[in-house]
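1. return a 3D structure for these sequence lines:
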Amino acid sequence: MPDVELVLRSARVVTPDGLRAASVSVADGRIVAVGPYDTPDPDGARVEDLGDDVLLPGLVDTHVHVNDPGRTAWEGFGSATRAAAAGGVTTLVDMPLNSVPPTTTVQALEVKRAVARRSAHVDIGFWGGAVPGNAPDLEPLHDAGVLGFKAFLLPSGVDEFPPLAPDQLQTALREIAGFGGLLIVHAEDPHLIDGAPPPTGPRYTDFLASRPRAAENEAIAGLIALAHELDARVHVLHLSSADALPLIADARRKGVRITVETCPHFLTLTAEEVPDGATEFKCCPPIREAANQDALWAGLAAGEIDCVVSDHSPCTADLKVDDFGRAWGGISSLQLGLPAVWTAARRRGHTLHDVARWMSTGPAALVGLDRKGAIEAGRDADFAVLAPDETFTVDPAALHHRNQVTAYAGRTLYGVVRSTWLRGRKIADHGAIADHGAIADRGAIADRGATSEPTGRLLERQPRT
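-> Residues are numbered from 1 along each chain as shown. Prediction:
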């Protein structure tokens, strides 16, 4: 075993077996041992006693729209990964759309990787895209290391990433199943959306009516049938309608290989509280009623939902006009997911062990990142240090997101992220980000021409064993 370089000791460490006092030993960026709290300090090792703060595995967020290159005014790898680090996220997976070019060919993937490599503060993986006409590109993208493929069943919001018609979806999924890949789907039925009242004006109730639960339920039912027919592996993105959970549970009992995620905004925000004109709350599918939220939490508790990820989908402030029909749909929350979910989870009687399973272990398993997602020997030394009983009020100006627009503005949340560690290196400390080996305050490293040392690595799909 290599010489231990770092020991993090805490009275509360979230391990796969639960919460316990422990000392975590790190060498060469990996966890080499998780021992008793009073394990003797190795010679020459740096030791940090975290006291009563909780040591969590670094979060893995598999649903992030970085938009870089091409729409970097919306977000970029530098700003997004600083926000991730400040929020306890040590790994993110970038969505293939909203960037120009979208990640639908190997050439486009290499363009994106070149941009990310220069400015990534956390580890980054990439989704490929399945769009009309690119079926021949899917296996080359898989071989190049993407973690799976995203598809839309209705317009995505950007012309560069069109949806798949039913026959095109079947073609893409057959191709992906042939090489053992994963298809992740924005599942809303376009015909039911087209038949709903169109969203116009500032009233949230009108927008909610334009994206009915039935559209999600119908699309998921169709996806289940196709996955069963082709023996394919599929994943439902950003589940909003809890009505679909029995469909998914029944499919799993029948052997269909389907997983599902939900998002912090669906677990913490409700339709009843969205003010008219407050389009910072707009996303697709939408934030639904409190009763639906309760059912999503029941699905999490029952293990019917596999993971909780942000669907961080930012834009410039001018695109959040006060008309729900015209405003860009997306919630900015990359830096806030952990405290937002923890605030709601603790109120409902869940533990930080649960939160770590939903936001770290589950997403890592989804994409096959076996070195991420848990505090145990052999894993990467990725950690978030949390003061779970402290509160803070969300100030958009304190966020590292390029555009400080968020539905959480003014909310008081539990859980202050003290520090974040990537492969044994502290990359964030009380919201400040590592800058050339030191810790710089946010103002010094915001996107104002300053540069900060990239610490992240680009991740590729690992063969399943």
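2. span of stretch 369-376 from start to end?
-> Using Cα to Cα, to the nearest Å, the end-to-end distance of stretch 369-376 comes out at 14 Å.
3. what's in contact with stretch 128-135?
-> For stretch 128-135, contacts defined as Cβ atoms under 8 Å, 6 or more residues apart in numbering pick out 96-97, 102-105, 109, 137-138, 141-142, 146, 148-151, 161-165, 168, 171-172, 175-176, 183. Every residue, glycine included, has its C-beta placed from N, CA and C.
4. now the helices for the stretch 101-250 of the chain?
-> With helices called from DSSP state H, counting those that start in this stretch, the stretch 101-250 of the chain shows them at 106-117, 135-143, 166-178, 190-195, 204-210, 213-230, 245-253.
5. surely Ala344 is within a helix?
-> Yes: counting by DSSP: H, G, I helix; E, B strand; the rest coil, Ala344 is found in a helix.
6. Throw the helices of the stretch 101-250 of the chain into TSV and include distance to Ala45, thanks.
-> Below are those laid out as TSV (distance: least, Cβ to Cβ, whole Å):
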stretch	distance to Ala45
helix 106-117	31
helix 135-143	41
helix 166-178	46
helix 190-195	57
helix 204-210	54
helix 213-230	48
helix 245-253	45
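7. now the ones you listed as CSV including mean pLDDT?
-> Shown next, in CSV, are the helices of the stretch 101-250 of the chain (pLDDT from 0 to 100):
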stretch, mean pLDDT
helix 106-117, 97
helix 135-143, 98
helix 166-178, 98
helix 190-195, 97
helix 204-210, 97
helix 213-230, 98
helix 245-253, 98
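8. export those helices as TSV, with columns for mean neighbour count and distance to Ile433.
-> Output for these, formatted as TSV (neighbours: other Cβ atoms under 10 Å; distance: least, Cβ to Cβ, whole Å):
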stretch	mean neighbour count	distance to Ile433
helix 106-117	18	16
helix 135-143	18	31
helix 166-178	18	37
helix 190-195	15	40
helix 204-210	19	35
helix 213-230	20	37
helix 245-253	16	38
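9. determine which of those approaches Ser10 most closely.
-> Judged by Cβ to Cβ, the one of the helices of the stretch 101-250 of the chain that comes nearest to Ser10 is helix 106-117, at 31.8 Å.
10. okay, and the helix or strand of this protein with the least pLDDT?
-> Of all helical and strand segments in the chain, the minimum by mean pLDDT, DSSP states H and E falls on helix 442-445, at a mean of 37.
11. closest one to Asn403 among the helices of the stretch 101-250 of the chain?
-> Nearest of the helices of the stretch 101-250 of the chain to Asn403, taken as Cβ to Cβ: helix 106-117 at 18.5 Å.
12. in a helix, Arg12, correct?
-> No: Arg12 is assigned strand when assessed by three-state DSSP, not a helix.
13. how close does it get to Trp342?
-> Counting by Cβ to Cβ, to the nearest Å, the gap from Arg12 to Trp342 is 13 Å.
14. what of Asp429?
-> Counting by Cβ to Cβ - Asp429 and Trp342 are separated by 20 Å.
15. what's the answer for Pro155, then?
-> Pro155 is 35 Å from Trp342, by Cβ to Cβ.
16. closest to the centroid, which residue in this protein?
-> The centroid of the chain falls nearest to Asp61 when counting by Cα atoms, centre = their mean (2.8 Å).
17. tell me the secondary structure for it?
-> Applying three-state DSSP: Asp61 is strand.
18. tell me what it is bridged to.
-> Counting by DSSP bridges, Asp61 is bridged to Leu92.
19. so what's it up against?
-> Asp61 touches 84, 89, 91-93, 309-310, 312, 334, 337, 359, 363, counting by Cβ under 8 Å, 6+ apart.
20. strands of the stretch 251-400 of the chain, residue ranges please.
-> Along the stretch 251-400 of the chain, counting by DSSP state E, counting those that start in this stretch, strands occupy 257-262, 307-308, 383-393.
21. please enumerate residues in contact with the last one?
-> Going back to what we said before, that points to strand 383-393. 8, 10, 24, 50, 53-59, 88-90, 338-339, 342, 346, 352, 375, 410-421.
22. swap the cut-off to 6 Å and go again
-> Residues outside strand 383-393 that contact it (Cβ atoms under 6 Å, 6 or more residues apart in numbering): 50, 53-56, 58, 88, 412, 414-421.
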